[in-house]
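K.L.:
Sequence plus predicted model, see below.
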Amino acid sequence: MTTVRVYVNGRGVDAPSTGNALDAVRLLDEALASALLSGARALTDSRGLPVPNDSPVHGGAIFRVVSGRLRETGTA
């Protein structure tokens, strides 16, 4: 299996190259991944823009887990 280096909350993770953003978060912290699935947390990119959980990973991708309020209102 080939992996790519991505960053979740500032920490490097070697995620499967065929994986998605949720997979990368799950590798870092299962509880954070569960919070994303429940809507308690949301995912953004390095610019703070919303990222769907099923977004494909790519080398150097940066994901941040933020308050779930982002999903409801569109702001952090």
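P.N.:
Noted; the coordinates are in hand. Just so you know, these numbers come straight off a predicted model, no measurement behind them.
K.L.:
hey, let's count contacts and neighbours off CA atoms from now on
P.N.:
Will do.
K.L.:
Return the helix or strand in this structure with minimum mean pLDDT.
P.N.:
helix 69-73 (a mean of 53; mean pLDDT, DSSP states H and E).
K.L.:
In three-state terms, label residue 22 for me.
P.N.:
When classified by DSSP: H, G, I helix; E, B strand; the rest coil, residue 22 comes out as helix.
K.L.:
so what's it up against?
P.N.:
33, 36, 53-55 (Cα atoms under 8 Å, 6 or more residues apart in numbering).
K.L.:
now do 10 Å
P.N.:
28, 30, 32-34, 36-37, 43, 52-57, 63 (Cα atoms under 10 Å, 6 or more residues apart in numbering).
K.L.:
From the contact counts, what lies against the helix or strand residue 6 falls within?
P.N.:
According to DSSP states H and E, residue 6 maps onto strand 3-8. Packing contacts for strand 3-8, counted by 3 or more Cα pairs under 10 Å, 6 or more residues apart in numbering; DSSP states H and E, involve strand 11-16, helix 21-28, strand 62-67.
K.L.:
mind putting those in CSV, mean pLDDT included?
P.N.:
As requested, the helices and strands packed on strand 3-8 are exported to CSV (pLDDT from 0 to 100):
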stretch, mean pLDDT
strand 11-16, 97
helix 21-28, 98
strand 62-67, 96
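K.L.:
any chance of those in JSON lines, plus distance to residue 48?
P.N.:
Putting the helices and strands packed on strand 3-8 into JSON lines (distance: least, Cα to Cα, whole Å) gives the following:
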{"stretch": "strand 11-16", "distance to residue 48": "17"}
{"stretch": "helix 21-28", "distance to residue 48": "15"}
{"stretch": "strand 62-67", "distance to residue 48": "8"}
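K.L.:
For the nearest residue to residue 60 once chain neighbours are set aside, name its beta-bridge partners.
P.N.:
Leaving aside its sequence neighbours, residue 60 sits nearest to residue 6 (Cα to Cα, 6 or more residues apart in numbering; 4.9 Å). In this entry, residue 6 is beta-bridged to residue 13, by DSSP bridges.
K.L.:
List the residues that contact the closest residue to residue 24 other than its chain neighbours.
P.N.:
Counting by Cα to Cα, 6+ apart, residue 24 lies nearest to residue 15, which is 5.5 Å off, once chain neighbours are set aside. With contact set as Cα under 10 Å, 6+ apart, residue 15 has these partners: 1-7, 21, 23-28, 57-59.
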